[in-house]
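> Below are the sequence and a predicted model for it; my questions follow.
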Amino acid sequence: MKIKSILILLLSLQISLICHAEDAATATPIPQELLTGFSAVPQPTTTPFQAILTDPTGNFSLGFLRQNQNQLKLAVIHVASSEPFWVANPTRLASWAHTTRLSFNGSLVLSDSKTGVSWSTATNGHRAVLLNNSNLQVQNRATQTPIWESFHFPTNTLVQDQNLTADKSLVSSNGLYSFRLGDDFMGLYTNLNGGKRLLYWKHTAMEAKDEVKEGEGPIYARVNSEGGYLGMYQTSSKPVDVQKFSTFQQDSTTSSFLLVRLETDGNLKGYYWNGSNWMLNYEAIGETCELPNPCGSYGLCTPGGAGCSCLDNQTRFESGGCEGGGGGDLCGGRGFGGGESYRVLRRSGVEPPHKELVAHVTTASLAGCEGLCERNCSCWGVFYSNATGFCYVLDYPVGTVLGTGDGSKVGYFKVREGGEGRNRVGARVGIVVGVLVLIGVVIFGVGLCVKRLQRRRGVSGGMLKEENGHGASPGPYRNLKSASFRSIEMSVPISR
């Protein structure tokens, strides 16, 4: 009985301690403002998000978002779904360590005692707050107006009632794609090396409700929460273009929330929150082959759901593309004009994706089109149409090519004989050399055996007399000339 009483007492004590711990946790609410002197460091046991600041509704939170166990992003997330809406410095991750600190001294500053400041608002404000639309602000002491706000520095997401101006852009989390505004259009771009951008989707303002007026300022994009659409505006409250969210239904409850996001495949998608899930309700690109690079380097995408394959028709398609991929150019090595060595791949029935957005010249023949690229080390390939004479020149690495049933459309592509290609060649050479060395060792060993056999039988010279008096090689050498040996062929598979 005494043991039972002790066990009951210990259990009660444990339950009491757990309750007190929970009470202590709930007794320390997440603040709704950060004042001068505030600082916070990541806690070692926190995963995956450590909240630092919340909005009045509790729907959004600013805090440390854990990445790869030992790194962090300073991010604003949607609490119910844990989706990040904004990241302070997406290209430079901080360490999840006690040396990392977020502080407020008029500026929000993310720093590391070992590496220094990694991000700052560079302001002189009174407080930092998070609004109920997920906008993080540093506000002025006297007027309580924002002197800095996260809405002016979007990452990959545009939320409802947030303006995307012409001097800003959305960038996919992998850094490969961007969403930008032109004079009268919105466009999606592939971000190439050297700061170059390649337009692969363009939507021009339809001017249904208002006109784009020259000289009256640039346009901006905005997710309209009342009508449920992505709109382009200029100076009027009336949009110059409307792209409706197809499945959006007006919802007056506080749970409904709209956004558009540039995804890692290069598509711009719209979503709304139904209270428990993000529901897809808009896609800028509806066909897989119209995405910027769905099949990777030297991949072939055929419309109609045929899937991905490789341009050379022999290499097995794998995730990420086919052989020969890589960035840079062909001007930095030992080939023509100092360029890299390469082989040529030709394929009929292909055309450039998004060709209506690609510049072209007119040549009299396919040979003339190829000639524009052959001696130009910055050219990776060309497309030629025999019907029109249009020649499309690629001054960037070959990505996914569009398949078509028209045999009059031909592609000419350079495949770098370096990187993967050079490794494959080296592997094949290594196999051949290894086989030759093995043959040499076998022959040398057989020779030693023959000599030893001769010494044992007391025979001099390299020939033995058979009973019929004809000279013949000893057993092993005789076998080398046999029909069974000649029937063996040694081959090394060469992948293309």
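Right, received. Where do you want to start? Residues are numbered from 1 along each chain as shown.
> nearest residue to the residue nearest in space to the middle of the chain other than its sequence neighbours?
Nearest to the geometric centre of the chain sits residue 174, at 4.3 Å (Cα atoms, centre = their mean). Of all residues not flanking residue 174 in the chain, residue 264 sits nearest, at 4.7 Å (Cβ to Cβ, 6 or more residues apart in numbering). To be clear about C-beta, it is placed using only N, CA and C from the backbone, and glycine gets the same treatment.
> so which strand or helix has the residue nearest to the centre of the chain?
Taking DSSP states H and E as the definition, one finds residue 174 inside no helix or strand.
> one step back: wait, isn't the residue nearest to residue 174 in contact with residue 176?
Yes. Using Cβ atoms under 8 Å, residue 264 is in contact with residue 176, at 7.3 Å.
> okay, those two: which has more neighbours?
residue 176 (17 against 13; other Cβ atoms under 10 Å).
> quick one: that one and residue 262, what's the gap?
10 Å (Cβ to Cβ, to the nearest Å).
> Run a quick neighbour tally on the closest residue to residue 131 other than its chain neighbours.
Using Cβ to Cβ, 6+ apart and skipping the chain neighbours, the partner closest in space to residue 131 is residue 55 (5.9 Å). Neighbourhood size, residue 55 [other Cβ under 10 Å]: 21.
> Residue 55 contacts residue 136, correct?
No. With contact taken as Cβ under 8 Å, residue 55 and residue 136 are classed as non-touching, separated by 9.3 Å.
> Which residues are in contact with each of those two?
residue 130 (Cβ atoms under 8 Å, 6 or more residues apart in numbering).
> Which stretches in the stretch 101-250 of the chain count as strands?
108-112, 116-120, 127-130, 136-139, 146-149, 157-159, 163-164, 170-171, 177-181, 185-191, 197-204, 220-224, 229-233, 241-244 (DSSP state E, counting those that start in this stretch).
> Kindly provide the distance from the nearest residue to residue 288 once chain neighbours are set aside to residue 196.
Excluding the flanking residues, the one nearest residue 288 by Cβ to Cβ, 6+ apart is residue 294, at 5.3 Å. Counting by Cβ to Cβ, the gap from residue 294 to residue 196 is 21 Å.
> what does residue 312 give?
Taken as Cβ to Cβ, the span from residue 312 to residue 196 is 27 Å.
> So these two - more neighbours on which side?
Set side by side, residue 312 and residue 196 show more neighbours around residue 312, with 17 against 11, by other Cβ under 10 Å.
> got the phi/psi numbers for the more buried one?
Main-chain dihedrals, residue 312, degrees, to the nearest 10: phi -80, psi 0.
> Show the pLDDT at the residue nearest to residue 209 when sequence neighbours are not counted.
Among residues not flanking residue 209 along the chain, residue 238 sits closest, at 4.6 Å (Cβ to Cβ, 6+ apart). On pLDDT, residue 238 comes in at 91.
> where in the stretch 151-300 of the chain is pLDDT low?
Residues of the stretch 151-300 of the chain meeting the criterion pLDDT under 70: 247-255.
> Spell out the residue ranges of the helices in it.
With DSSP state H, counting those that start in this stretch as the criterion, the stretch 151-300 of the chain has no helices.
> Name all residues that make contact with residue 150.
76, 86, 134-137.
> right, I mislabeled it, should have said residue 184
Here residue 184 is in contact with 204-205, 212, 219, 240 (criterion: Cβ under 8 Å, 6+ apart).
> cool, residue 288 as well?
Shown in contact with residue 288 (Cβ under 8 Å, 6+ apart): 294, 301, 305.
> ok, those residues vs residue 82, which is closest?
Among the contacts of residue 288, residue 294 lies closest to residue 82 (Cβ to Cβ), at 27.9 Å.
> Verify the contact between the closest one and residue 301 for me.
Yes. Residue 294 lies in contact with residue 301 (Cβ under 8 Å); the separation is 5.4 Å.
> Could you check how far residue 385 is from residue 301?
18 Å.
> more neighbours, those two?
Remark: of residue 385 and residue 301, residue 301 carries more neighbours, 24 against 19, as counted by other Cβ under 10 Å.
> Which strand residues bridge the more buried one?
residue 308, residue 402 (DSSP bridges).
> Now for residue 294 and residue 301: what residues contact both?
With Cβ under 8 Å, 6+ apart as the test, residue 294 and residue 301 both reach 288, 308, 400.
> how much space between the first one and residue 265?
Pointing back at residue 288 there. 9 Å.
> which neighbours do these two share?
Between them, residue 288 and residue 265 share the contacting residues residue 294, judged by Cβ under 8 Å, 6+ apart.
> show me the contacts for residue 92.
Taking Cβ under 8 Å, 6+ apart as the criterion, residue 92 is in contact with 118-119.
> Just the element for it, please.
Using DSSP H and E, no helix or strand contains residue 92.
> Tell me how this structure divides into domains.
For the chain, automatic domain parsing gives the domain ranges 1-26, 31-152, 154-286, 297-418, 442-486.
> can you give me the helices in the stretch 1-150 of the chain?
Here the stretch 1-150 of the chain has its helices, by DSSP H, counting those that start in this stretch, at 2-26.
> Quick check: the residue nearest to residue 209 touching residue 210?
Yes. Counting by Cβ under 8 Å, residue 238 touches residue 210, with 4.1 Å between them.
> Looking at these two, which has the bigger crowd around it?
residue 210 (17 against 13).
> circling back: same list (the contacts of residue 150) but as TSV, adding distance to residue 273.
Shown next, in TSV, are the contacts of residue 150 (distance: Cβ to Cβ, whole Å):
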residue	distance to residue 273
76	15
86	16
134	12
135	17
136	19
137	22
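> Looking at the residues you listed, state which has the most neighbours.
Busiest of the contacts of residue 150 [other Cβ under 10 Å] is residue 136, holding 26 neighbours.
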